[in-house]
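Q: this one's structure only:
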Ligand code: AP5
């Protein structure tokens, strides 16, 4: 089973993906994590995307599609959770073509319903927690970058809701409850 977790920054995509990995043996493909790893290890690509990511803008379709393509060449395990990908219509088209090329399908697109106020609290709260623990906060977890991240989401990613709705693949889950309540709602969709 391959699924997409779709939602704005702070919706809980990464948190829920991790639970699906633990509980169902699925493979999390987070383009955000892959890009941050490239940044930290100082690869050419990492250096190229650093400023764009820190500002909260999207990196190019070409880079993220390349990252996903590489992963699809490996083990498909208990299925993929696409977390933070696709984020543009071009990425969604590319994913469709890639899944077809690897003889697999997309089973569900889970859209996480949240509101901006909670997103801001969660993201700024995460930065606060990191600092309180003596760790470095994510470079894009600040008010200024978050405004850009939200705008990028509404401009470029939210059209995917209509795209997957039209394909009959979209499922909404409430994202505002406690983590376990959100997990239960996702399990309800996956087990239906
Ligand atoms: P990415 O890493 O994907 O970041 P994001 O989408 O902004 O998402 P977050 O990781 O902040 O939020 P999330 O929805 O995963 O929530 P989380 O579970 O972490 O992307 C970062 C950057 O990389 C982008 O801005 C862009 O530059 C680049 N990029 C990545 N993919 C790209 C692509 N495809 N194309 C182009 N560029 C790309 O939770 C957030 C916080 O909330 C945590 O503290 C968590 O503990 C808490 N929380 C979660 N769920 C709950 C809950 N139910 N109740 C209370 N708290 C909760």
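A: Looks like it arrived, so ask away. As the structure is a computational prediction, the values presented were derived from the model and not from experiment.

Q: How about the secondary structure of the residue sitting furthest away from the middle of the chain?
A: The C-alpha centroid of the chain is most remote from residue 134, which lies 26.2 Å away (C-alpha atoms, centre = their mean). Assigned by DSSP: H, G, I helix; E, B strand; the rest coil, the conformation of residue 134 is coil.

Q: Which pLDDT does the model give it?
A: Residue 134 carries a pLDDT value of 96.

Q: can you tell me which residues contact it?
A: Listed by C-beta atoms under 8 Å, 6 or more residues apart in numbering, the contact set of residue 134 is empty. In short, each C-beta sits where N, CA and C put it, glycine included.

Q: and if you look at residue 173?
A: Contacts of residue 173 (C-beta under 8 Å, 6+ apart): 110, 111, 112, 113, 182, 185, 186, 188, 189.

Q: What's the local residue count around the closest residue to it other than its chain neighbours?
A: Spatial nearest neighbour of residue 173, excluding adjacent residues (C-beta to C-beta, 6 or more residues apart in numbering): residue 185 at 4.1 Å. When neighbours are defined as other C-beta atoms under 10 Å, residue 185 has 19 of them.

Q: Quick check: the gap between residue 185 and the ligand.
A: Separation of residue 185 from the ligand (C-beta to the nearest ligand atom, to the nearest Å): 10 Å.

Q: That residue against residue 174, yeah?
A: Yes. Look at residue 185 against residue 174 with C-beta atoms under 8 Å: they come within range, at 6.0 Å.

Q: Nearest to the ligand among the contacts of residue 173?
A: In terms of C-beta to the nearest ligand atom, no member of these lies closer to the ligand than residue 182, at 4.9 Å.
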